[in-house]
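Participant: how does the following fold in three dimensions:
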Amino acid sequence: MTLLNERVLARLEEMEQRYQETLEDMAKPEVTGDPNKLRDLGQLHAELKPVVAAHREYLEASEEIAEADEMLTLEQDADMREYLNALRAERTEDLERISAQLQVLLIPKDPDDDKSVIVELRPAVGGDEAGLWATDLHRMYERFAERHGWAVEPINLSWADGGGLAFGQFAIKGTGAYSRFKWEAGPHRVQRVPKTESQGRIHTSIATVAVLPEVEAVEVEIHENDLEIETMRSQGPGGQSVNTTDSAVRITHKPTGLVVSCQDEKSQLQNKLKAMRVLRARLYQQQLEEQMGERSDARRMQVGTGERAEKIRTYNFKENRVTDHRIGLTLHSLPTILDGDLDEFHDGLMAQEAADLLAGDL
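Facilitator: The predicted structure is shown next:
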């Protein structure tokens, strides 16, 4: 019995062969004496290992089913036939499970998944309430990062007169952060009664989220002559200066017109280094966009226009309901979700992406 098509099985055989080659190559003197080669081979070996293990289990189950089928054509004893049919049914279930597992394992991995990320929050529709909602999202992402053991590093947080975020920019540091946070990019809509609403009316507000994979300097080339660097005093709510030195930094990348700024640190050098990290991330995103042949800016695609009709997720306080519109998943556990429990949404989104990729590739 075969649940995987011949093309997929051939691909698995190739991966099995490559797995054995990595074992042999890692034992060669020219590899053991080269830490970089040894690291790369070790990483490839680790990536292939779960696929190879599942493939071997798949072949074993297939063989047992074939043997049971052959024995059933010859066996006359009723008890033995009952046993063989039960064995065949059990191993068929195993084969279906392993087949599904293999198809997911064969999906090409996003090369940015292991990266740290830079997250940007902006109030869109809703005035002061949108700023307060952006603040709630900021806390949600801090809690989500804590649940996964990732560090949160502020880059540029500015506050509106109403007490909420006017703009939030922060890094999530840790392996695999992008693999999860990328699902948060887009407009987030909230429906609730603002604290300032005296008549109890529900208001709808939007905050947009952009997620950028953080890249190393070697991945994006930036020439110093292409930069215009300005310094200024950091500003607090209402334009109030928060220190007496020109520590805030704004960098303009002249070839692209991209502008980034940072004022979170007291040191001008630290603010410049953080601003450069953001600039690299944005330039990297542009490069990816060009490689994919897309016309619209990747960050604009993520955040949309911020209009009420656009949203990836809706948070309804009155009904204790959160709906992810991309997969139609609704959960009635809003406080838990705002406390950073986002994995069920992400798992559903990853499953949908896997199904879409499999439909096209396998």
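Participant: can you tell me the distance between the two ends of stretch 332-348?
Facilitator: 16 Å (CA to CA, to the nearest Å).
Participant: starting at the chain centroid, how far to that stretch?
Facilitator: On the basis of CA atoms, centre = their mean, to the nearest Å, stretch 332-348 sits 15 Å off its chain's mean C-alpha point.
Participant: other residues contacting it?
Facilitator: For stretch 332-348, the surrounding residues in contact (CB atoms under 8 Å, 6 or more residues apart in numbering) are 136, 139-147, 180, 183-184, 313, 315-317, 319-322, 324, 327, 329, 331. Where C-beta positions appear, they are placed from N, C-alpha and C, glycine not excepted.
Participant: which ones among these map onto helices?
Facilitator: Among the contacts of stretch 332-348, the ones falling in helices (DSSP state H) are Asp136, Arg139, Met140, Tyr141, Glu142, Arg143, Phe144, Ala145, Glu146, Arg147, Arg180.
Participant: which one is the fifth one nearest to, not counting chain neighbours?
Facilitator: In this case it means Glu142. Excluding the flanking residues, the one nearest Glu142 by CB to CB, 6 or more residues apart in numbering is Val152, at 5.2 Å.
Participant: which residues touch the one you found?
Facilitator: Here Val152 is in contact with Tyr141, Glu142, Ala145, Glu146, Phe170, Ala171, Ile172, Lys173 (criterion: CB under 8 Å, 6+ apart).
Participant: now these as a markdown table including distance to Asp356, pLDDT and neighbour count?
Facilitator: Putting the contacts of Val152 into a markdown table (distance: CB to CB, whole Å; pLDDT from 0 to 100; neighbours: other CB atoms under 10 Å) gives the following:
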| residue | distance to Asp356 | pLDDT | neighbour count |
| --- | --- | --- | --- |
| Tyr141 | 26 | 98 | 24 |
| Glu142 | 31 | 97 | 15 |
| Ala145 | 27 | 97 | 24 |
| Glu146 | 31 | 97 | 13 |
| Phe170 | 30 | 93 | 21 |
| Ala171 | 30 | 93 | 23 |
| Ile172 | 26 | 95 | 24 |
| Lys173 | 30 | 94 | 15 |
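Participant: state the pair within these that is farthest apart.
Facilitator: Taking CB to CB, the two most distant members of those are Glu146 and Ala171; they sit 14.5 Å apart.
Participant: can you dump the C-alpha atoms of stretch 267-284 in CSV for me?
Facilitator: The C-alpha trace of stretch 267-284 is given here as CSV (Å, rounded to 0.1, in the frame of the first residue of the first chain):
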residue,chain,number,x,y,z
SER,A,267,23.9,56.6,24.6
GLN,A,268,24.1,58.1,21.1
LEU,A,269,26.3,55.2,20.0
GLN,A,270,23.8,52.6,21.3
ASN,A,271,20.9,54.3,19.5
LYS,A,272,22.9,54.4,16.3
LEU,A,273,23.7,50.7,16.5
LYS,A,274,20.0,49.8,17.1
ALA,A,275,18.9,52.1,14.2
MET,A,276,21.4,50.3,11.9
ARG,A,277,19.9,47.0,12.9
VAL,A,278,16.5,48.2,11.9
LEU,A,279,17.8,49.6,8.6
ARG,A,280,19.5,46.3,7.8
ALA,A,281,16.2,44.5,8.5
ARG,A,282,14.2,46.8,6.2
LEU,A,283,16.8,46.7,3.4
TYR,A,284,16.8,42.9,3.7
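Participant: can you list the buried residues in it?
Facilitator: The neighbour-count check on stretch 267-284 (16 or more other CB atoms under 10 Å) flags 268, 271-272, 274-284 as buried.
Participant: mind listing the helices for the stretch 151-300 of the chain?
Facilitator: Remark: helices assigned in the stretch 151-300 of the chain by DSSP state H, counting those that start in this stretch are 177-181, 268-292, 298-303.
Participant: and those helices as JSON lines, adding mean pLDDT?
Facilitator: Converted to JSON lines, the helices of the stretch 151-300 of the chain look like this (pLDDT from 0 to 100):
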{"stretch": "helix 177-181", "mean pLDDT": "94"}
{"stretch": "helix 268-292", "mean pLDDT": "82"}
{"stretch": "helix 298-303", "mean pLDDT": "45"}
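Participant: quick one: the ones you listed as TSV, columns for distance to Thr208 too.
Facilitator: Shown next, in TSV, are the helices of the stretch 151-300 of the chain (distance: least, CB to CB, whole Å):
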stretch	distance to Thr208
helix 177-181	14
helix 268-292	15
helix 298-303	4
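Participant: out of the ones you listed, flag the one nearest Asp40.
Facilitator: Closest among the helices of the stretch 151-300 of the chain, once you apply CB to CB, is helix 177-181, at 20.7 Å.
Participant: what packs against the closest one?
Facilitator: On a contact count with 3 or more CB pairs under 8 Å, 6 or more residues apart in numbering; DSSP states H and E, helix 177-181 meets strand 117-123, helix 128-148, strand 203-213.
Participant: among these, which is nearest Lys37?
Facilitator: Closest approach to Lys37 among the helices and strands packed on helix 177-181 (CB to CB): strand 203-213, 26.0 Å.
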